[in-house]
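**Student:** Here is the input, now give the coordinates:
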Amino acid sequence: MGVTRKWVFPIVRILIFVAIAAALVKIAFFADPTLDSEAQVPTGAVVEPQVAASIGTILNDVKVQGTVTADEARPIKATLAGEVTEIIAPVGTTVAVDDKVFVIRQPNEQVVREDGTLAPVTYKTAVVRAPAAGVISSLTVIKGQTVAVGDESGQVAPPSFNVSASLAPDQLYRLLNQPTEATVTVIGGPAPFVCGSLTISTALSGAAPADSSADSASAPATGTTVRCAVPAEVKVFNGLQAEMSIPGGSAENILMVPVTSVEGIAQSGNVYMTLPDGSTEVRPVVLGINDGENVHVVSGLAEGDMVLQFVPGAPAAETEVPPGCVDLGGGAFSCEG
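**Tutor:** As a prediction, this is how the structure comes out:
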């Protein structure tokens, strides 16, 4: 028993420690070759997102931010060359269309009588009338002043208002069938109301604003403006901010795809259709209305056809960074908490 305790047990312990050490050395310095071969085999694949052409409804309302503005004052112009003999409607007078504002008198050529004497002077008179209903906001003539035909002699400020806003060039494609009215919501004002007499205008090349100099008249025209008339019964004030919703049409039970899937967004375009073998081909399509998110495919696709969700090579859409987060790129964010 003494020999076993003195020699056998220590030798067994030493052999166990040697075996453990050998196993650790193998794990640390001699990896399993089968693991290396397996690690070299790709286990994933990059697949571009796809979307199916589907049936849906598109409501094409173009929404823009605008401003409530008082309608422009109408000029009062002299209609006869001569002397102002009477001021009927001074500044501050409320007038209706064609109300009398002032009177101009022009002497006729004197007639020589048979006995050689001059006949008394006769006069031709003209009454200058208000071009619009409103308030006489300015009057630049006085009694006894001489004026010429067409001289601007004052202004009538109408009591009406309009809502105007700027349109981006690409928004015009959504308003090819020009609407005649819009729904307006005045910030801090009355309930939404229908604003009629809608017009869309673009400054002509070479046209100069009323307050611009002659040098700026040759500048290229920029900007498109949409404007509509505020109903007389709606109480608004000059300078209020408003949202204008312009109906560009709607379509129900139509074939549509996301606008991100289409190369070109108005009238015609291309989509990248996915084939059974995984490749893609460019498919031309005819397009209808869009709402900024989906576009009507008039022809070129059938329901269920798979297309790439994003046009290859198109710039990535800007992603809004959540509050309290930092953009790390690639769609990743780092947020506190």
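**Student:** Okay, now the unreliable bits of this protein?
**Tutor:** Applying pLDDT under 70 to the chain picks out residues 1-8, 29-47, 116, 205-222, 315-337.
**Student:** quick one, helices of it?
**Tutor:** Using DSSP state H, the helices of the chain run over 2-3, 9-29, 33-39.
**Student:** for the second one, the distance to its chain's centre please.
**Tutor:** The offset between the C-alpha centroid of helix 9-29 and the centroid of the whole chain comes to 77 Å, using C-alpha atoms, centre = their mean, to the nearest Å.
**Student:** Summarise which helices and strands that helix is packed against.
**Tutor:** Other helices and strands packing on helix 9-29, by 3 or more C-beta pairs under 8 Å, 6 or more residues apart in numbering; DSSP states H and E, are absent; none qualifies. No exception for glycine: its C-beta is placed from N, CA and C like everyone else's.
**Student:** okay, now the domains of the protein?
**Tutor:** 2-31, 49-71+161-207+216-337, 74-157 (automatic domain parsing).
**Student:** any chance of these in JSON lines, plus mean neighbour count?
**Tutor:** Below are these laid out as JSON lines (neighbours: other C-beta atoms under 10 Å):
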{"stretch": "domain 2-31", "mean neighbour count": "9"}
{"stretch": "domain 49-71+161-207+216-337", "mean neighbour count": "15"}
{"stretch": "domain 74-157", "mean neighbour count": "15"}
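**Student:** Run through the residues that contact L175.
**Tutor:** Shown in contact with L175 (C-beta atoms under 8 Å, 6 or more residues apart in numbering): V62, L167, I200, I246, G248.
**Student:** Dump those to a markdown table, plus distance to S261.
**Tutor:** Converted to a markdown table, the contacts of L175 look like this (distance: C-beta to C-beta, whole Å):
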| residue | distance to S261 |
| --- | --- |
| V62 | 21 |
| L167 | 25 |
| I200 | 29 |
| I246 | 25 |
| G248 | 21 |
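**Student:** Looking at those residues, which are in strands?
**Tutor:** The members of the contacts of L175 that map onto strands under DSSP state E are V62, L167, I200, I246, G248.
**Student:** quick check, nearest of the residues you listed to D98?
**Tutor:** Closest approach between the ones in strands among the contacts of L175 and D98, by C-beta to C-beta: I200, at 30.9 Å.
**Student:** What separation do you get for V271 and T57?
**Tutor:** Separation of V271 from T57 (C-beta to C-beta, to the nearest Å): 20 Å.
**Student:** And stretch 86-97, end to end?
**Tutor:** This stretch, stretch 86-97, spans 19 Å end to end (C-alpha to C-alpha, to the nearest Å).
**Student:** Make 59 the starting number, not 1.
**Tutor:** Got it, the first residue is 59 from now on, which makes the last one we talked about stretch 144-155.
**Student:** what's that stretch in contact with?
**Tutor:** Residues outside stretch 144-155 that contact it (C-beta under 8 Å, 6+ apart) are 157-161, 188-197, 199-201, 212, 214.
**Student:** The same query, at a cut-off of 10 Å, please.
**Tutor:** Contact with stretch 144-155 is made by 132, 134, 157-163, 183, 185-201, 203, 212-214, 217, as judged by C-beta atoms under 10 Å, 6 or more residues apart in numbering.
**Student:** just stretch 164-176 next, same as before
**Tutor:** For stretch 164-176, contacts defined as C-beta under 10 Å, 6+ apart pick out 138-141, 177-184, 204-205, 207.
**Student:** of all those, which comes closest to Q325?
**Tutor:** The nearest member of the contacts of stretch 164-176 to Q325, counting by C-beta to C-beta, is V207 at 50.0 Å.
**Student:** how much space between the residue lying closest to V292 once chain neighbours are set aside and E291?
**Tutor:** Leaving aside its chain neighbours, V292 sits nearest to F251 (5.3 Å; criterion: C-beta to C-beta, 6 or more residues apart in numbering). Distance, F251 to E291, by C-beta to C-beta: 9 Å.
**Student:** swap in T318?
**Tutor:** Look at T318 and E291: by C-beta to C-beta, they are 44 Å apart.
**Student:** same check, this time on A300
**Tutor:** Distance, A300 to E291, by C-beta to C-beta: 17 Å.
**Student:** before we move on, back to that, can you tell me which of the contacts of L233 is nearest V76?
**Tutor:** V120 (82.8 Å).
**Student:** Provide a list of residues in contact with the closest one.
**Tutor:** Per C-beta under 10 Å, 6+ apart, neighbours of V120: 223, 225-226, 229-230, 232-233, 237, 240, 284, 302-306, 349-350.
**Student:** same question, E361
**Tutor:** Residues near E361 by C-beta under 10 Å, 6+ apart: A110, A111, S112, I113, L313, M314, V355.
**Student:** can you tell me which of those residues lies nearest to A324?
**Tutor:** Nearest member of the contacts of E361 to A324, counting by C-beta to C-beta, is V355, at 12.9 Å.
**Student:** Touching, the closest one and I323? I think so.
**Tutor:** No. The pair V355 / I323 is not scored as a contact, 11.7 Å apart, by C-beta atoms under 10 Å.
**Student:** so what's in contact with those two at the same time?
**Tutor:** L345.
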